[in-house]
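Novice: sequence unavailable; structure follows:
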């Protein structure tokens, strides 16, 4: 996935939240914390759309 920068303007309260997430997740930078939060929210949204934790199984082909 290509790296892209998105400028984010935050208040002190947001910075505190990002710093807490950075420490809790063992990340090196605030940018990594923001990325982690975004990915976590995407995961939660997908889980809500598809129902409870769906299992994915590999479909095996029948050889002719």
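Specialist: That came through fine. A quick note: this is a predicted structure, and the numbers were derived from the prediction, not measured.

Novice: from now on I want contacts and neighbour counts done on CA atoms only, so please keep to that.
Specialist: Fine.

Novice: show me what the least confident helix or strand in the chain by mean pLDDT is packed against.
Specialist: Least confident helix or strand, the chain: helix 30-50 with a mean of 86, by mean pLDDT, DSSP states H and E. Where contact means 3 or more C-alpha pairs under 8 Å, 6 or more residues apart in numbering; DSSP states H and E, helix 30-50 is packed against helix 12-25.

Novice: what is the mean pLDDT for the helix it packs on?
Specialist: Average pLDDT, helix 12-25: 92.

Novice: what are the buried residues along it?
Specialist: Residues of helix 12-25 classed as buried: 18-19, 21-22 (neighbour count, 16 or more other C-alpha atoms under 10 Å).

Novice: which one of those is nearest residue 51?
Specialist: Distance to residue 51 across the buried residues of helix 12-25 (C-alpha to C-alpha) is lowest for residue 21, with 26.7 Å.

Novice: distance of the closest residue to that closest one other than its chain neighbours from residue 40?
Specialist: Closest residue in space to residue 21, ignoring its immediate chain neighbours: residue 33 at 5.9 Å, by C-alpha to C-alpha, 6 or more residues apart in numbering. Going from residue 33 to residue 40 by C-alpha to C-alpha, to the nearest Å gives 10 Å.

Novice: go through the buried residues of helix 12-25 and name the one nearest residue 46.
Specialist: residue 21 (21.3 Å).

Novice: distance of that closest one relative to residue 28?
Specialist: Look at residue 21 and residue 28: by C-alpha to C-alpha, they are 11 Å apart.

Novice: which ones are touching residue 27?
Specialist: residue 33 (C-alpha atoms under 8 Å, 6 or more residues apart in numbering).

Novice: look at it and give its secondary structure.
Specialist: Three-state call for residue 27 (DSSP: H, G, I helix; E, B strand; the rest coil): coil.
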